[in-house]
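A.B. asks: kindly return the folded structure for what I paste below:
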Amino acid sequence: MVERATPQRIVVIGAGGIGAPLAWALIEAGASALTLVDEDMVELGNLHRQVLFEERDVGRPKTLALAERLRALRPGVDVLTIEGRALPGTVMSLVLGAGVVVDATDNFPSRFLLADAAHLASVPIVHAAAVRWQATVLAVPPGGGPCYRCLFEDVPTGPAPDCATAGVVGSVCGVAGALAADHALCLLEGDASVGGRIVTYDGLSDRLRSVPIRARSGCILCGDSQEILAIDIERYTRGGACA
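C.D. replies: As a prediction, this is how the structure comes out:
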């Protein structure tokens, strides 16, 4: 049974290359309650970007290793761990009542699932992604747009680049995590001004951009004719398993 979150709890889905520096930034900024959700183990080849893990952590669950390190850095911080995936059958229990959700996953089905669940639960969410030299962060205030579906509409049906297939520069993950932490803290304080724009970072040119975006009236999640009224399992399995 998943413990229900509280209004000041930040739920981080994904404890890897983005989730690790993100969680570190959050506790250093004063966040006192985190929930970490991930099913994977620490791998040696990922240590260059998962900055709070060490070689001794290889083979351990990411959530447990990360929670241990966060408690050592900030004694007294409240860190809950959930070893598993955000799945259609459990996602609402993960996000309901949270102060803010941070999507630090690495696949499109999970991102769309979390976007939908956060909207249905009226919980703010921050989407953070990194691939190759590019980092992208999008904050969505509770119950409104522009949301993730305003930009990307639906789960891609064909191949899509991710860290496993296209690679990623470790430092770019750190930038994504820091930006996501900043946006999450703003949303936690009720500052919705971080919404309505997508922030991108290009590690090759060292360029940070904040581009205004608009909600789509035809968006099936937050538009005038909302179609997504509940979590439908079949919708999120077309592009691959959620994680």
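A.B. asks: report the contact partners of the closest residue to Ala181 other than its chain neighbours.
C.D. replies: Of all residues not flanking Ala181 in the chain, Ala25 sits nearest, at 3.7 Å (C-beta to C-beta, 6 or more residues apart in numbering). C-beta: built from backbone N, CA, C; applies to glycine. Ala25 makes contact with 177-178, 181-182 under the criterion C-beta atoms under 8 Å, 6 or more residues apart in numbering.
A.B. asks: now the helices for the chain?
C.D. replies: Counting by DSSP state H, the chain has helices at residues 19-28, 62-73, 91-95, 108-121, 148-152, 163-166, 170-188.
A.B. asks: quick one: which of those is nearest Arg85?
C.D. replies: Closest approach to Arg85 among these is made by helix 108-121 (7.6 Å; C-beta to C-beta).
A.B. asks: would you map the strands across this structure?
C.D. replies: According to DSSP state E, the chain carries its strands in the segments 10-13, 33-38, 78-83, 100-103, 125-131, 134-140, 197-202, 207-212.
A.B. asks: so which of these comes closest to Ser225?
C.D. replies: Ser225 sits nearest to strand 134-140 of all the strands of the chain, at 18.9 Å, using C-beta to C-beta.
A.B. asks: burial of Pro109, as a residue count?
C.D. replies: Pro109: 22 surrounding residues under other C-beta atoms under 10 Å.
A.B. asks: same check, this time on Asp202
C.D. replies: Around Asp202 there are 15 other residues, counting by other C-beta under 10 Å.
A.B. asks: quick one: the residue positioned nearest the centre of the chain from Ala117, how far?
C.D. replies: The chain has Asp103 as the residue nearest its centroid, 1.3 Å off, counting by C-alpha atoms, centre = their mean. Distance from Asp103 to Ala117, counting by C-beta to C-beta, to the nearest Å: 10 Å.
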